[in-house]
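> Build me a model from this:
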Amino acid sequence: MTTPFGGGNIVGRAAAVTARAGSRTVLITGVGKGLGRALALELPKKGHSVVGCSRSQDRLTSLHSELSSVDSPLSDSAVSSSDKPFFMTVDVCHRDHLKGLR
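As a prediction, the model looks like this:
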């Protein structure tokens, strides 16, 4: 399968691009599964803060548990709260969900 990025590991390529850009806060919609989830797991390892939205609270809970696991560098108590991922249940296709984000 060919991708617009020329194939290969898209998550790795995205992480490499953001690593060159310096530390950023990254907003990921669809953070509960697929590419969004993979990026949410990889980008904090590169020093980026992640803000993520998903329509599924169950998927957010699962992702949060995975990031908080003993093997995760984000489970260290020395990590400041501003560096920890922030997740919210939001459907970005519904305006009423977005109004609460202001």
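
> Give me the residue ranges of the protein where confidence is low.
1-21, 70-83, 100-102 (pLDDT under 70).

> Tell me where it has helices.
Listed from the start of the chain, the chain has helices (DSSP state H) covering 10-20, 34-42, 57-67, 95-99.

> Just the C-alphas of the last one, formatted as PDB.
Presented in PDB, the C-alpha positions along helix 95-99 are these (Å, rounded to 0.1, in the frame of the first residue of the first chain):
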ATOM      1  CA  ARG A  95     -21.000  22.100  17.300                       C
ATOM      2  CA  ASP A  96     -22.600  21.700  20.700                       C
ATOM      3  CA  HIS A  97     -19.600  19.600  21.900                       C
ATOM      4  CA  LEU A  98     -17.200  22.200  20.600                       C
ATOM      5  CA  LYS A  99     -18.900  25.100  22.400                       C
END
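
> what's next to it, contact-wise?
Identification of contacts with helix 95-99 by C-beta atoms under 8 Å, 6 or more residues apart in numbering yields V90, D91, V92. (Each C-beta comes from the backbone N, C-alpha and C, glycine too.)

> Same list, the residues you listed, but as a markdown table with distance to L63 please.
What follows is the contacts of helix 95-99, written out as a markdown table (distance: C-beta to C-beta, whole Å):
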| residue | distance to L63 |
| --- | --- |
| V90 | 14 |
| D91 | 17 |
| V92 | 17 |
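
> Nearest to L35 among those residues?
V92 (15.5 Å; C-beta to C-beta).
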